[in-house]
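[1] this is the structure alone, sequence omitted:
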């Protein structure tokens, strides 16, 4: 089979051979550029969701009087300093025993969904060390493997 293909290609005029090589090169370059664009778009969407949950939590921590349990696809949960839930509801399959970590937006994958969550101390002096946790699902971004996230 490959021998017949090779013989057919050898019989082609030089212009046709150059055209075939050029078409192959353009196809490979197009595929590489498309893969780069899809990967870049996915990472930008992930970064946007992380920033969204971080902004929501920061806003609520800075202005606790404007607290809402759900805003802009973000679940906002209010805890006392001991970690007892005061207001808000966890998403159905989100683990309730995760420790607070205000260092960065965290990622967790459950059996049904992928989430980002972010924790922050409430800045208001009357809060007595309360925490706020923002949780956002990012399953809607792109149906790619979660290995691209990290």
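    That came through fine. Keep in mind that what you see is a predicted model, and the values were worked out from it rather than measured.
[2] what mean pLDDT does the lengthiest helix in the chain have?
    Ranked by residue count under DSSP state H, the longest helix found in the chain is helix 14-62. Averaging pLDDT along helix 14-62 yields 92.
[3] C-terminal to that helix, what's the next element?
    Elements were assigned by DSSP states H and E; along the chain past helix 14-62, the next helix or strand is strand 70-71.
[4] which residues are contacting the next helix or strand after that following strand?
    Downstream of strand 70-71, the next assigned helix or strand under DSSP H and E is strand 74-79. By Cβ atoms under 8 Å, 6 or more residues apart in numbering, the residues outside strand 74-79 that reach it are 52-53, 56-57, 60, 67-70, 85-91, 100, 122, 130-136. For the C-beta atoms, the positions are set from N, CA and C on the backbone; glycine is no exception.
[5] secondary structure class for residue 119?
    When classified by DSSP: H, G, I helix; E, B strand; the rest coil, residue 119 comes out as strand.
[6] name the SS class of the closest residue to it other than its chain neighbours, please.
    The shortest distance from residue 119 to any non-neighbouring residue, by Cβ to Cβ, 6 or more residues apart in numbering, is to residue 100 (4.4 Å). On the three-state scheme (three-state DSSP), residue 100 is labelled coil.
[7] please apply the same query to residue 112.
    Secondary structure assignment for residue 112 (three-state DSSP): coil.
[8] do you know how far the spatially most central residue of the chain is from residue 53?
    By Cα atoms, centre = their mean, the chain has its centre lying nearest to residue 46, at 2.9 Å. Relative to residue 53, residue 46 is positioned 11 Å away (Cβ to Cβ, to the nearest Å).
[9] one step back: so the residue nearest to residue 119 is in contact with residue 130, correct?
    No. In this structure residue 100 lies outside contact range of residue 130 using Cβ atoms under 8 Å: 10.7 Å.
[10] which one of those two has more residues nearby?
    Neighbour tally, residue 100 and residue 130, criterion other Cβ atoms under 10 Å: the higher count belongs to residue 130, 19 against 14.
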